[in-house]
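Visitor: quick check, what structure comes out for this input:
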Amino acid sequence: MRHYDALVIGSGPGGQKAAIQAAKLGKKVAIIEKGQFIGGAGLHTGTLPSKTLRETALLYAAYQQRGAFGLQVILNRDVALSELMNRKTEVVRRQMEVIVDQFGRNNVEVIFGEASFLGPGRVRLKGSGGEEEIRADFIIIATGSRPSRPPDVPFDTDHIYDSDTILALNRIPATMTIIGGGVIGCEYACIFSAFGVKVTLVDKKARLLDFADNEIVMNLIYWMRHSGVTFRLEEEVVDISVESPGRVLTRLKSGKSIVTEKLLYTMGRVGNSDGLCLDAIGIKADARGSIQVDVGFQTLAPNVYAIGDVIGFPSLASVSMEQGRRAVCHAFQKEGITCELPGLLPFGIYTIPEIAMVGESEEALTRKGIPYEAGCAYFHEVARGQIIGDVHGMLKLLFDRVTRRILGVHIVGDRASELIHIGQAVMSYGGTIDYFKDAVFNYPTLSLAYKEAALNGFNKL
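Guide: Numbers count the residues shown, from 1 in each chain. Reported below is the predicted structural model:
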């Protein structure tokens with residue numbers, strides 16, 4: 001019977017970092033993956049493929065905008081998404097090579113098969129060679145999540161998709177309905193509209209992305225409308241049906257009907273906890289498959305930890321990686337590593353244009369009764385913005401009027417998910433707008449927007 005100091009279930013971003021961290025501590029570690037390849041959904045069906053498609057959409061949209069320079073591109077509607085993502089296969093292959101190399105250099109054993117609990121410290125492995133029992137001192141659950149598929153939604157392979165199956169589209173449709181205005185829904189609405197698809201986005205809330213700064217979201221919505229996205233907000237779906245080939249009918253509670261060629265359903269995700277036999281270790285998941293953990297990512301079961309999407313919010317690959325590292329350090333009592341994550345977590349949403357944020361929004365500061373001032377810079381006023389053709393981007397600094405300490409940074413525009421880390425770093429050390437006001441930035445760069453925003457805010461004082 002095999003025995004390990006640490007056993008990780010799931011080889012996605014969180015599981016990878018957990019396994020490698022355990023190995024760095026000199027522990028005997030193995031990682032179990034039930035799929036055919038390592039990397040999890042993020043590498044094969046989620047994050048990486050969707051971002052690859054987004055890059056193609058950006059390139060196509062950029063060529064469309066350059067018509068005045070004599071460049072014209074017409075998209076063949078019969079093209080399959082697989083053809084538009086011909087680089088994805090190469091990127092996935094290289095990423096897998098990197099992961100395999102890291103596992104090899106750190107003596108992490110990879111086991112393919114399906115894991116379930118037999119009891120404390122005991123796991124049943126079902127693999128191609130049959131079943132066996134594996135034991136471990138500590139077990140980290142990193143099984144991720146999957147798209148929610150309600151039974152009343154008639155998913156198929158030709159008309160109605162979720163965020164995993166949408167990438168199997170055999171051609172670019174002329175029209176599409178997207179149910180759900182969360183991060184995934186907004187990202188795909190932007191991607192398909194960039195390809196010229198007439199997208200109708202339906203959500204039961206009054207506003208999209210309500211965790212983000214409202215001014216930034218309204219800027220995004222303006223450009224989404226400009227690219228052809230139709231919004232149906234505060235609307236509830238009562239029925240979805242395929243009327244005939246190429247005709248999906250969506251009925252809303254208000255009496256409206258939407259007819260499109262395809263439909264993408266993006267209303268939430270479910271944790272991959274079913275099948276783990278959690279009752280064997282005395283715990284259970286909630287209705288959405290999420291496992292409850294404490295600040296050290298430990299479950300109610302002794303020596304069993306859970307990280308990543310399977311524990312719910314914020315369900316970010318970047319956060320999952322750090323959760324995996326800290327969970328292992330907690331398990332083996334590594335000194336100098338705190339359990340709790342930093343309070344300043346950056347968020348990046350890969351819409352077109354991107355939006356990113358760190359710290360408090362204007363709405364949150366208002367609710368908390370914290371006086372603040374805002375300094376804004378617009379990309380059309382920054383030389384780099386003109387060079388790259390981003391005339392709709394903006395960067396906003398929120399800061400305390402007295403101490404000038406930065407309270408939040410919000411960006412919409414090209415490379416927002418990269419730019420946000422500059423603000424995050426300064427905020428992490430309690431920085432003020434004076435840093436940006438006095439710093440020298442390369443010219444021309446988008447980073448110069450930080451200085452312009454700081455000067456704009458300083459002038460208001």
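Visitor: where along the stretch 251-400 of the chain do the strands fall?
Guide: 257-260, 262-265, 269-271, 304-306, 347-349, 355-359, 373-378, 394-399 (DSSP state E, counting those that start in this stretch).
Visitor: run through who's touching the last one.
Guide: Applying Cβ atoms under 8 Å, 6 or more residues apart in numbering, the contact partners of strand 394-399 are 213, 215-216, 219, 359-362, 365, 372-379, 405-413, 419, 423, 432-433, 436, 449-450, 452-454, 457. In this view, the C-beta of every residue, glycine as well, is placed from N, C-alpha and C.
Visitor: the next helix or strand after it vs strand 355-359, what angle?
Guide: Of the helices and strands lying after strand 394-399 in sequence (DSSP states H and E), the nearest is strand 406-412. Here the directions of strand 406-412 and strand 355-359 differ by 170 degrees (axes from the mean of the first three to the mean of the last three Cα atoms, to 10 degrees).
Visitor: any idea of the angle strand 406-412 forms with strand 394-399?
Guide: 170 degrees.
Visitor: thinking again about what came up before, buried subset of the contacts of strand 394-399?
Guide: Burial by neighbour count, 16 or more other Cβ atoms under 10 Å: within the contacts of strand 394-399 this picks out 213, 215-216, 219, 359-362, 365, 372-379, 405-413, 419, 423, 432-433, 436, 449-450, 452-454, 457.
Visitor: list the contacts of the worst-scoring helix or strand of the chain on mean pLDDT.
Guide: Among the helices and strands of the chain, helix 81-84 carries the lowest confidence by mean pLDDT, DSSP states H and E, at a mean of 74. Residues outside helix 81-84 that contact it (Cβ under 8 Å, 6+ apart): Leu53, Thr56, Leu167, Ala168, Leu169, Ile172.
Visitor: just those residues now: which is nearest Ala206?
Guide: Distance to Ala206, by Cβ to Cβ, is smallest for Leu53 among these, at 29.2 Å.
Visitor: tell me the SS of the closest one?
Guide: Under DSSP: H, G, I helix; E, B strand; the rest coil, the three-state class of Leu53 is helix.
Visitor: thought it was touching Ser163?
Guide: No: using Cβ atoms under 8 Å, Leu53 is not in contact with Ser163; the gap is 11.5 Å.
Visitor: and the helices in the stretch 201-350 of the chain?
Guide: 214-226, 317-331 (DSSP state H, counting those that start in this stretch).
Visitor: tabulate those helices (a markdown table), appending distance to Met427 and mean pLDDT.
Guide: What follows is the helices of the stretch 201-350 of the chain, written out as a markdown table (distance: least, Cβ to Cβ, whole Å; pLDDT from 0 to 100):
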| stretch | distance to Met427 | mean pLDDT |
| --- | --- | --- |
| helix 214-226 | 17 | 95 |
| helix 317-331 | 17 | 93 |
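Visitor: any idea which of these is most buried?
Guide: helix 317-331 (a mean of 23; mean count of other Cβ atoms under 10 Å).
Visitor: residues contacting the residue lying closest to Thr403 once chain neighbours are set aside?
Guide: The shortest distance from Thr403 to any non-neighbouring residue, by Cβ to Cβ, 6 or more residues apart in numbering, is to Thr432 (6.7 Å). Thr432 is in contact with Phe399, Thr403, Arg404, Arg405, Ile406, counting by Cβ under 8 Å, 6+ apart.
Visitor: over to Arg225?
Guide: Phe231.
Visitor: can you tell me the strand partners of the top strand by length along the chain and which way each runs?
Guide: What stands out as the longest strand in the chain, according to DSSP state E, is strand 130-141. Sheet pairing of strand 130-141 (DSSP bridges) gives strand 2-9 (parallel), strand 122-127 (antiparallel), strand 304-306 (parallel).
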